[in-house]
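A.B. asks: generate coordinates for the sequence data below:
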Amino acid sequence: MLTTRLTTSEEKKLTEYCLQHGLSKSQVVKEALAQYLTKNSDVSAYESGQDLFGSASSNDTDRSTTYKERLKKMLNEKHSH
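C.D. replies: Predicted structure coming up:
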């Protein structure tokens, strides 16, 4: 359990936000704290999203390094009538 003090202005903004979004104050504070802790952890941005990087649906793992060659090939195929 944690108790925190807010200014009158902060309390008012939090209350208004909760009413607009249909959330409890506890939900908003927990989510904000989770985001803060994630943002300020020692994990790099790459490490945070590492599972999202890679071959995607193409299964080509070198797309970012071979894009110029692929682009040249596509343009040559398109304009070689």
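A.B. asks: which residue ranges of the protein form helices?
C.D. replies: For the chain, the helices defined by DSSP state H cover 8-21, 25-39, 45-49, 67-78.
A.B. asks: quick one: average pLDDT of stretch 23-32?
C.D. replies: Averaged across stretch 23-32, the pLDDT comes to 94.
A.B. asks: show residues contacting that stretch.
C.D. replies: Here stretch 23-32 makes contact (Cβ atoms under 8 Å, 6 or more residues apart in numbering) with 4, 14, 15, 17, 18, 21. In short, each C-beta sits where N, CA and C put it, glycine included.
A.B. asks: just to revisit the earlier point, make TSV out of the helices of the chain and add distance to residue 60 and mean neighbour count.
C.D. replies: What follows is those, written out as TSV (distance: least, Cβ to Cβ, whole Å; neighbours: other Cβ atoms under 10 Å):
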stretch	distance to residue 60	mean neighbour count
helix 8-21	41	11
helix 25-39	30	11
helix 45-49	19	9
helix 67-78	9	10
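A.B. asks: any chance of TSV for the contacts of stretch 23-32, columns distance to residue 50?
C.D. replies: Shown next, in TSV, are those (distance: Cβ to Cβ, whole Å):
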residue	distance to residue 50
4	34
14	34
15	38
17	32
18	34
21	31
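A.B. asks: where does this structure dip in pLDDT?
C.D. replies: 54-59, 81 (pLDDT under 70).
A.B. asks: ok, now with 80
C.D. replies: The chain contains residues with pLDDT under 80 at 39-64, 80-81.
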